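Q: make a model of this:
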Amino acid sequence: MQLHLDFEPGLTERYPSLLDAVRAQIYGSGKPLKSIASDLDCSQSDLSRKLASNPDDTRRFSIEDLERLMPATESVLVIHWLIERFLESADSRRDRAITEIQKQLPQFMALLKAATESGK
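A: Predicted structure coming up:
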């Protein structure tokens, strides 16, 4: 039996790294950073430093932080990013690309028609 997950495509293109996905989940949650930091058992300034990924700073976003992130933000974007990054097959990527092309093709054709008509 194969598990099929339906989630927002293109996460790894929009968020090149896991930390980018973490930032998106936090800042896109709509919750104040102070509230999320409290749920992660740290201060707002500590969370900001962890998210900055300054190579000279010893504070890092940890596995424990990641475990607390899902209930704190009520989102699983990071999990979907991990699935897309590590579990999506080449066939699934191709199918997703074809689906996206099919969605955008009518808009592209309308733009092409408008562009060729205005050139007359």
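Q: rest of the way, CA atoms for contacts and neighbours
A: Fine.
Q: OK, contacts around the residue lying closest to residue 15 once chain neighbours are set aside?
A: In this structure, residue 15 finds its nearest non-sequential neighbour in residue 21, 5.4 Å apart by CA to CA, 6 or more residues apart in numbering. By CA atoms under 8 Å, 6 or more residues apart in numbering, the contact list for residue 21 reads 11, 15, 77-78, 81.
Q: now for the residue nearest to residue 53 when sequence neighbours are not counted, how many residues are close by?
A: Closest residue in space to residue 53, ignoring its immediate chain neighbours: residue 60 at 6.9 Å, by CA to CA, 6+ apart. Number of residues near residue 60 (other CA atoms under 10 Å) recorded here: 16.
Q: how far away is residue 60 from residue 49?
A: Distance, residue 60 to residue 49, using CA to CA, to the nearest Å: 8 Å.
Q: now do the longest helix seen in the chain: distance to the chain's middle.
A: Longest helix in the chain, counting residues (DSSP state H): helix 90-118. A distance of 23 Å separates the centroid of the chain from that of helix 90-118, by CA atoms, centre = their mean, to the nearest Å.
Q: which strands and helices sit next to it?
A: Here helix 90-118 touches no other helix or strand, going by 3 or more CA pairs under 8 Å, 6 or more residues apart in numbering; DSSP states H and E.
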